[in-house]
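Q: test case, fold it:
(2 chains)
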Amino acid sequence: DAGITQSPRHKVTETGTPVTLRCHQTENHRYMYWYRQDPGHGLRLIHYSYGVKDTDKGEVSDGYSVSRSKTEDFLLTLESATSSQTSVYFCAIRGGSRDYGYTFGSGTRLTVV
Amino acid sequence: AQTVTQSQPEMSVQEAETVTLSCTYDTSESNYYLFWYKQPPSRQMILVIRQEAYKQQNATENRFSVNFQKAAKSFSLKISDSQLGDTAMYFCALFSGNTPLVFGKGTRLSVIA
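A: Below is the predicted model:
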């Protein structure tokens, strides 16, 4: 399977603090994605990247920023965490042009108190 | 805009029986891909099966098969000989027009011994 890791796996943080989640891949894939999962909402796209320094917003991007300075790393930052950002965050990578299925990291459970 | 609808928030099935999970979708693209993902309690997202829209033959992976009705924009998942390990959340997802994967809200399946 494709190598993709997320860190940390769990985090508790206080309202108003900045938080950065990391996604690392070893497959040299161009496309990387951040989703959040909430009960009753499925997975919703936050931001995605289609290359180094090339990123775009998803449907729930407010309050989040991303950076991709290297192919292998895609960072998600909550500038000032709020309780509504308590969620499970998934990073994903997309295979080549003949395989549009995504491979997901194991997720980060973030709790904002 | 692409949308995916799963109308069954929860389902249950007896062990060894067959169950069908429903999914409908909408896209204006002529070529697209549909997926079913499984999320067990471990939280890991696992690709179960994929279907390419231009292929008329329904995809099959061991006990998992789909009923792809392109005109009706329906993509249901059939699980045969259900096992306790099939207990999970199941997400239907759509990839079209090179836009990021869009997910339904999920169906929670419980397999009962």
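
Q: could you use CA atoms for every contact and neighbour count after this?
A: OK.

Q: and chain B, which residues reach chain A?
A: Selection of chain B residues close to chain A by CA under 8 Å from any CA of the partner chain yields B:33, B:35, B:43-47, B:50, B:91, B:95, B:100, B:102-106.

Q: can you select the buried ones from the residues you listed in PyMOL?
A: Buried subset of the residues of chain B next to chain A, written as a PyMOL selection, criterion 16 or more other CA atoms under 10 Å in any protein chain shown:
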select buried, chain B and resi 33+35+43+45+46+47+50+91+95+100+102+103+104+105+106
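
Q: for the residues of chain B next to chain A, name the two members farthest from one another.
A: B:Tyr33 and B:Arg43 (23.5 Å; CA to CA).

Q: number of nearby residues for A:Glu72?
A: Using other CA atoms under 10 Å in any protein chain shown, A:Glu72 has 18 other residues around it.

Q: identify the spatial nearest neighbour of it, chain neighbours not counted.
A: A:Gln25 (4.9 Å; CA to CA, 6 or more residues apart in numbering or on different chains).

Q: ok, now how distant is that neighbour from A:Tyr33?
A: A:Gln25 sits 11 Å away from A:Tyr33, going by CA to CA, to the nearest Å.

Q: looking at these two, which one has more neighbours?
A: A:Tyr33 (27 against 20).

Q: now the more buried one. Nearest residue, chain neighbours left out?
A: A:Tyr48 (4.2 Å).

Q: right, and that neighbour touches A:Gly58 too?
A: Yes: between A:Tyr48 and A:Gly58 there is a contact at 7.1 Å, judged by CA atoms under 8 Å.

Q: how far does stretch B:99-113 stretch from one end to the other?
A: Terminal residues of stretch B:99-113 lie 41 Å apart, using CA to CA.

Q: contacts for that stretch next, please.
A: A:40-45, A:48, B:2-6, B:8-15, B:21, B:23, B:82-95 (CA atoms under 8 Å, 6 or more residues apart in numbering or on different chains).

Q: apply 6 Å and report the result again.
A: A:40-43, B:4-6, B:8-15, B:84, B:87-95 (CA atoms under 6 Å, 6 or more residues apart in numbering or on different chains).

Q: tell me the mean pLDDT for it?
A: For stretch B:99-113, mean pLDDT is 96.

Q: equivalent analysis for stretch B:75-90, please.
A: Stretch B:75-90 comes out at a mean pLDDT of 98.

Q: that stretch: end-to-end distance?
A: Note: stretch B:75-90 ends 13 Å apart using CA to CA.

Q: hmm, who's touching it?
A: With contact meaning CA under 6 Å, 6+ apart, stretch B:75-90 is reached by B:15-23, B:37-40, B:63-68, B:106-111.

Q: beta partners for the residue of chain A found nearest chain B?
A: Closest to chain B within chain A is A:Gly42: 3.9 Å, counting by CA to the nearest CA. Bridge pairing for A:Gly42 (DSSP bridges) gives the partners A:Asp38.
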